[in-house]
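Chemist: Fold the following for me, if possible:
(one chain, ligands or ions: 1)
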Amino acid sequence: MTSTTTISSTNSGSAHLAGARYGKDKVRVLRVVRGEKDGRRWHDVVEYNVCALVEGEIATSFTQADNSVVVATDSIKNMVYYLAKTSPFILQPETFALHVGSFLLGRYAHLSKAFVDVEVLRWERIAIDGEAHGHAFWRDGEEKRVVKTEIVKKEKGLEGSVKAGLVDLLVLKSTGSAFENFVRDEFTTLIEVNDRIFSTAVDLEYTFAGPVSISLTPDGKVVEESLTKVKDALAFDTVAKRAREITLCTFAEDESASVQATLYKMGVTIVGEFKQVEEVRYALPNKHYVPVDMKYINIDNSSPANAEVFVPLAAPSGLIRGVVGRK
Ligand SMILES: O=c1[nH]c(=O)c2[nH]c(=O)[nH]c2[nH]1
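Modeler: The predicted structure follows:
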């Protein structure tokens, strides 16, 4: 049996377009900034995955097949490349994201909001005899720095809000972690341990206080000085570096009573150190490593003191989320 479906503008009933946003995702770009240091080549490279979406007076492109309001996603991609070449902020992902969004809104009167996310891939300088190389890099793991921006058109200029953080920072400690005194009832099979492996893939997001203002010239050009001001005021790179250090240091040093308790300490430290950070959010999967039961060969590999051989459990994993805000 064959069936056909007819879609016409008359059969929408009480349905309506409740939201509309579009753009280009996974715009992959590597930028080289060539320079010199002490008479030798000194290059900076960044590799970004950019997602740039817009909202505005675009409803008719959905409801009436009206493409006259559509800036092609292909053109949005080309604008990302254009700014990767020309933006003075290309090496600073938060400001670059704000620049891309502001550029789109400044250029097109019918667009009112932009959502620009950037993932930063880790290219670290290769060290030769302890000295950083000028133009050779290695991929230092799959961890990514992430940036999420929202730019909104206001009567005068633009307002931006910024969240940033990191994902997939894999960590493991072989002691200094316990889990005791939890609820015990007929569903409890887990034994209490005062020493266990703690491993997680850190997903961290911090929200900057805002919104920040970004200026446009009367003909819609982004005033770069206004972006410089935002960059300097919020110190994006310092926060990124310290938030990562605080996460690693707290993870390593804390005598952890639980993932929950360690997460809270990390968040409190970041909020305490940076007044421009309003909120810190972590999602920490508890990547379980289970001691192998070796009773079959009369070996104790299970008690915390003797557990040395472990099996990583891919699934299930715990998942602990927490948000630390400012009072
Ligand atoms: O740190 C932990 N928190 C939990 O909530 C939990 N639940 C569990 O089974 N193991 C753990 N570990």
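Chemist: For the rest of this, base every contact and every neighbour count on C-alpha atoms.
Modeler: Fine.
Chemist: Now the helix or strand hosting residue 30: buried residues?
Modeler: Taking DSSP states H and E as the criterion, residue 30 maps to strand 22-37. Using 16 or more other CA atoms under 10 Å as the test for burial, strand 22-37 gives 22-25, 27.
Chemist: try stretch 291-308
Modeler: Buried, per 16+ other CA under 10 Å, within stretch 291-308: 291, 293, 300-302, 304, 307.
Chemist: For that stretch, measure first residue to last.
Modeler: 7 Å (CA to CA, to the nearest Å).
Chemist: So what's the model's average confidence on it?
Modeler: For stretch 291-308, mean pLDDT is 94.
Chemist: what residues does that stretch touch?
Modeler: 193-196, 309-311 (CA atoms under 8 Å, 6 or more residues apart in numbering).
Chemist: returning to what we had before: parallel or antiparallel, which strands does the strand holding residue 30 pair with?
Modeler: Strand 22-37 has its sheet partners listed here by DSSP bridges as strand 40-56 (antiparallel).
Chemist: Now intersect the contacts of stretch 291-308 with the strands, please.
Modeler: 310-311 (DSSP state E).
Chemist: farthest pair in the contacts of stretch 291-308?
Modeler: Greatest spatial distance among the contacts of stretch 291-308 (CA to CA): 194 and 311, at 18.8 Å.
Chemist: Kindly report the residues of the stretch 151-300 of the chain close to the ligand.
Modeler: 179, 258-259 (CA under 6 Å from any ligand atom).
Chemist: how many other residues sit next to the spatially closest residue to residue 291 that is not a sequence neighbour?
Modeler: With CA to CA, 6 or more residues apart in numbering as the criterion, residue 291 has its nearest non-adjacent residue at 4.2 Å, and that residue is residue 310. Using other CA atoms under 10 Å, the number of residues around residue 310 comes to 15.
Chemist: show me what contacts residue 310?
Modeler: 289-292.
Chemist: Include secondary structure and distance to residue 252 when you put those residues into TSV, please.
Modeler: Below are the contacts of residue 310 laid out as TSV (DSSP: H, G, I helix; E, B strand; the rest coil; distance: CA to CA, whole Å):
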residue	secondary structure	distance to residue 252
289	strand	17
290	strand	20
291	strand	21
292	coil	25
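Chemist: Show me what residue 282 bridges to in the sheet.
Modeler: Under the criterion used (DSSP bridges), residue 282 bridges to residue 204, residue 322.
Chemist: What score does residue 121 have for pLDDT?
Modeler: Looking at residue 121, its pLDDT is 98.
Chemist: Would you list the phi and psi of it?
Modeler: phi -80, psi 150 (degrees, to the nearest 10).
Chemist: OK, contacts around residue 132?
Modeler: Contacts of residue 132 by CA under 8 Å, 6+ apart are 125-126.
Chemist: Mind telling me what element it is part of?
Modeler: Residue 132 is part of strand 131-139, with elements assigned from DSSP H and E.
Chemist: With residue 150 instead?
Modeler: With DSSP H and E as criterion, residue 150 is part of strand 144-153.
Chemist: measure the residue of the stretch 101-250 of the chain found nearest the ligand to residue 303 for me?
Modeler: When scored by CA to the nearest ligand atom, the stretch 101-250 of the chain has residue 179 as its residue closest to the ligand, at 5.7 Å. Using CA to CA, residue 179 is found at 14 Å from residue 303.
Chemist: swap in residue 269?
Modeler: Residue 269 is 34 Å from residue 303, by CA to CA.
Chemist: And for residue 211?
Modeler: On the measure of CA to CA, residue 211 and residue 303 end up 53 Å apart.
Chemist: picking up where we left off before, and the strand holding residue 30 with strand 131-139, angle?
Modeler: Taking axes from the mean of the first three to the mean of the last three CA atoms, to 10 degrees, one finds strand 22-37 and strand 131-139 inclined to each other by 160 degrees.
Chemist: Other residues contacting strand 22-37?
Modeler: So strand 22-37 is in contact with 41-55, 72-74, 76-77, 80-81, 84-85, 90, going by CA under 8 Å, 6+ apart.
Chemist: cool, and stretch 200-216?
Modeler: By CA under 8 Å, 6+ apart, stretch 200-216 touches 102, 106, 156-172, 222-223, 226-227, 230, 234, 276-287.
Chemist: redo that, cut-off 7 Å
Modeler: 106, 157-172, 222-223, 226-227, 230, 276-287 (CA atoms under 7 Å, 6 or more residues apart in numbering).
Chemist: With stretch 158-173 instead?
Modeler: Contacts of stretch 158-173 (CA under 7 Å, 6+ apart): 142-153, 197-208, 210-215, 240, 252.
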